[in-house]
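**Student:** Got a sequence here, can you model it:
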Amino acid sequence: MRQGTGLLKKKIYVWWAHLMESDCGGDGGGKEGPFNSLVNEAIIDDAGSKKINRQNLQSRAHGSKSLTSLPGYLGERLFGQFTITPGRGIRYRQNLQSRAHGSKSLTSLPEVAFWLDVWAAPEPFQVLFPSLFQLEVDKGSLVADKFRPGSIGSPWVWRWKRGWLNTDELTEFQQLNNLLQHITVTSGPDSWLWSLDSTGQFKVSSLRRKLVELNYVKPDYVVDWNNWVPKKVGLVAWRAEKERLPTRTALHRRGISIQNLECLMCREYDESCDHLFVSCGFAQVVWQVVCQWCKTQQLIAFRLQDILDAYKRFGGSTEKKKAFHAVCLVSLWSIWNLRNELMFTGKSKTISAVVEEIKLKSFGWVKHRSKEATMTWEKWQSFDVF
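**Tutor:** Presented below is the predicted three-dimensional model:
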């Protein structure tokens with residue numbers, strides 16, 4: 001006990017292996033756990049508030065920002081619950097498993113409680129076999145106390161309060177024996193395996209993949225990114241495909257008062273992303289000139305996705321397909337820039353000026369980002385690259 005800021009504070013140590021188990025409730029005192037490298041310190045004051053030492057937990061919590069409150073002890077063992085993301089938590093005891101869930105090979109487990117800990121099944125034996133747990137003399141006995149290799153018959157030693165079993169106890173005893181038959185105990189220190197990775201070692205990437213699987217919603221269409229153009233260029237295409245660019249129809253749909261919804265390019269139809277980049281007369285001529293420059297067949301596009309996927313049908317090497325994809329993305333970006341200039345400054349450009357801007361911008365980005373030293377402006381003008 002120590003005095004601090006007017007409150008008596010008690011320092012206890014939390015077993016990280018137990019911190020990942022389900023909430024067992026209770027109250028009592030604590031002691032330092034055996035996993036010295038996995039010990040984290042918690043300070044609980046007598047006012048009932050519970051504080052986690054963030055520095056100690058940071059490397060073990062794997063970046064999570066959500067911890068439930070620490071409950072009390074069960075006997076001399078502290079159990080807790082650890083969750084990730086509010087409302088949809090992952091209980092680590094299902095992922096941090098002993099060798100019983102992997103290779104079925106266990107060490108002598110000198111520090112693991114036979115009935116109280118999770119070691120050979122997804123739940124502690126006290127939960128799976130409550131009748132036998134009540135009959136047990138030493139409820140805090142360790143696995144090492146129960147296992148006696150070389151003994152006649154079963155290697156497991158039992159200490160019951162009486163010498164006979166009723167029907168329920170006998171059924172649970174048979175189930176327990178069947179479970180233990182598949183367990184091989186060897187000598188050596190205890191260890192834990194991370195079941196989300198084939199190596200058995202914890203990796204942030206494996207946890208991230210699991211979180212993505214739990215929260216993943218497959219979109220109807222996925223925009224392919226291209227690292228030969230800046231992110232600002234790819235973002236225009238990505239937002240356009242999702243109809244998230246502030247076109248006139250999009251602003252009107254969001255409740256913004258727009259007097260005229262007509263396209264600034266053609267003045268014929270309402271301005272949406274599909275119209276601005278695909279069906280607008282100005283954009284269609286731009287695509288025709290770009291296809292002639294890149295020596296490919298004319299694009300037949302009914303929606304923006306057809307333009308974004310055009311590079312997949314482009315003939316040539318993988319690098320040349322990627323270069324054409326970069327040209328398409330730059331073309332979308334240039335058309336959007338022209339639209340904004342018309343909107344805010346009233347300045348317009350000819351189709352030839354827009355295409356020259358597409359050639360110039362795409363050449364600089366593709367040449368330096370692809371690290372193609374032999375690419376020249378003359379070759380790029382004829383699209384004789386890669």
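
**Student:** Show me the strands in this structure, by range?
**Tutor:** Per DSSP state E, the chain carries strands over the ranges 2-4, 7-15, 39-45, 50-52, 73-74, 77-78, 96-97, 105-106, 184-185, 193-194.

**Student:** which other helices and strands contact the last one?
**Tutor:** If I follow you right, that is strand 193-194. strand 96-97 (3 or more Cβ pairs under 8 Å, 6 or more residues apart in numbering; DSSP states H and E). Heads up, the C-betas are built off the backbone N, CA and C, glycines and all.

**Student:** Model confidence for the residue lying closest to residue 252 once chain neighbours are set aside, exactly?
**Tutor:** Nearest non-adjacent residue to residue 252, counting by Cβ to Cβ, 6 or more residues apart in numbering: residue 258, 4.6 Å away. Looking at residue 258, its pLDDT is 90.

**Student:** Low-confidence stretches in the stretch 51-200 of the chain?
**Tutor:** 51-110, 150-151, 186-190 (pLDDT under 70).

**Student:** Give me the nearest residue to residue 365, chain neighbours excluded.
**Tutor:** residue 229 is the one closest to residue 365 (Cβ to Cβ, 6+ apart), at 5.2 Å.

**Student:** My read is that that neighbour contacts residue 362, right?
**Tutor:** Yes - between residue 229 and residue 362 there is a contact at 7.5 Å, judged by Cβ atoms under 8 Å.

**Student:** what touches both of the two?
**Tutor:** 326, 330 (Cβ atoms under 8 Å, 6 or more residues apart in numbering).

**Student:** Which parts of the protein belong to which domain?
**Tutor:** Under the assignment automatic domain parsing, the domains of the chain span 2-94, 99-191, 231-381.

**Student:** contacting residues around residue 226?
**Tutor:** 234, 322, 325-326, 329.

**Student:** Residue 251 too?
**Tutor:** Residue 251 neighbours (Cβ under 8 Å, 6+ apart): residue 258.

**Student:** and it, what pLDDT?
**Tutor:** pLDDT at residue 251 comes out at 94.

**Student:** Over to the one 4 residues further on?
**Tutor:** On the pLDDT scale, residue 255 is placed at 93.

**Student:** what do you get for the one 10 residues further on?
**Tutor:** Model confidence at residue 265, given as pLDDT, is 91.

**Student:** first vs last residue of stretch 261-278, how far apart are they?
**Tutor:** Counting by Cα to Cα, to the nearest Å, you get 17 Å between the two ends of stretch 261-278.

**Student:** Buried residues in stretch 375-386, which are they?
**Tutor:** Neighbour counts over stretch 375-386 (16 or more other Cβ atoms under 10 Å) mark 375, 380, 383, 385-386 as buried.

**Student:** Just the ones of those residues in helices?
**Tutor:** residue 380 (DSSP state H).

**Student:** need the contact list for the nearest residue to residue 121 once chain neighbours are set aside.
**Tutor:** Distance criterion Cβ to Cβ, 6+ apart; nearest residue to residue 121, sequence neighbours excluded, is residue 128 at 6.0 Å. By Cβ under 8 Å, 6+ apart, the contact set of residue 128 is 121, 172, 175-176.

**Student:** which of these count as buried?
**Tutor:** In the contacts of residue 128, the ones that pass as buried (16+ other Cβ under 10 Å) are 121, 172, 176.

**Student:** how close does the last one sit to residue 212?
**Tutor:** In other words, residue 176. 38 Å (Cβ to Cβ, to the nearest Å).

**Student:** next one: residue 264
**Tutor:** Taken as Cβ to Cβ, the span from residue 264 to residue 212 is 40 Å.

**Student:** Among those two, which residue is more densely surrounded?
**Tutor:** residue 264 (20 against 9; other Cβ atoms under 10 Å).

**Student:** Residue 194 is in contact with residue 203, correct?
**Tutor:** Yes - with contact defined as Cβ under 8 Å, residue 203 and residue 194 form a contacting pair (7.4 Å).

**Student:** Neighbour count: those two, which is higher?
**Tutor:** Neighbours per residue (other Cβ under 10 Å) separate residue 203 from residue 194, with residue 194 holding more: 18 against 13.

**Student:** Quickly list what the more buried one is bridged to.
**Tutor:** residue 96 (DSSP bridges).

**Student:** right, and it touches residue 202 too?
**Tutor:** Yes - counting by Cβ under 8 Å, residue 194 touches residue 202, with 4.4 Å between them.

**Student:** ok, now which ones touch residue 342?
**Tutor:** 264-265, 348.

**Student:** how about a cut-off of 7 Å?
**Tutor:** Taking Cβ atoms under 7 Å, 6 or more residues apart in numbering, we find residue 342 in contact with 264, 348.

**Student:** where's it relative to residue 216, distance?
**Tutor:** For residue 342 relative to residue 216 (Cβ to Cβ), the value is 40 Å.

**Student:** got it, and residue 193?
**Tutor:** 25 Å.

**Student:** Comparing these two, which residue is more hemmed in?
**Tutor:** residue 193 (19 against 9).

**Student:** How many neighbouring residues does the closest residue to the more buried one other than its chain neighbours have?
**Tutor:** Distances taken as Cβ to Cβ, 6+ apart place residue 200 nearest to residue 193, at 3.9 Å, with adjacent residues excluded. Counted by other Cβ under 10 Å, the residues lying close to residue 200 total 15.

**Student:** ditto for residue 123
**Tutor:** 12.

**Student:** separation between it and residue 191?
**Tutor:** On the measure of Cβ to Cβ, residue 123 and residue 191 end up 21 Å apart.

**Student:** Tell me which stretches of the stretch 201-350 of the chain form helices.
**Tutor:** Applying DSSP state H, counting those that start in this stretch to the stretch 201-350 of the chain gives helices spanning 204-215, 231-241, 248-253, 273-274, 281-293, 304-308, 318-344.
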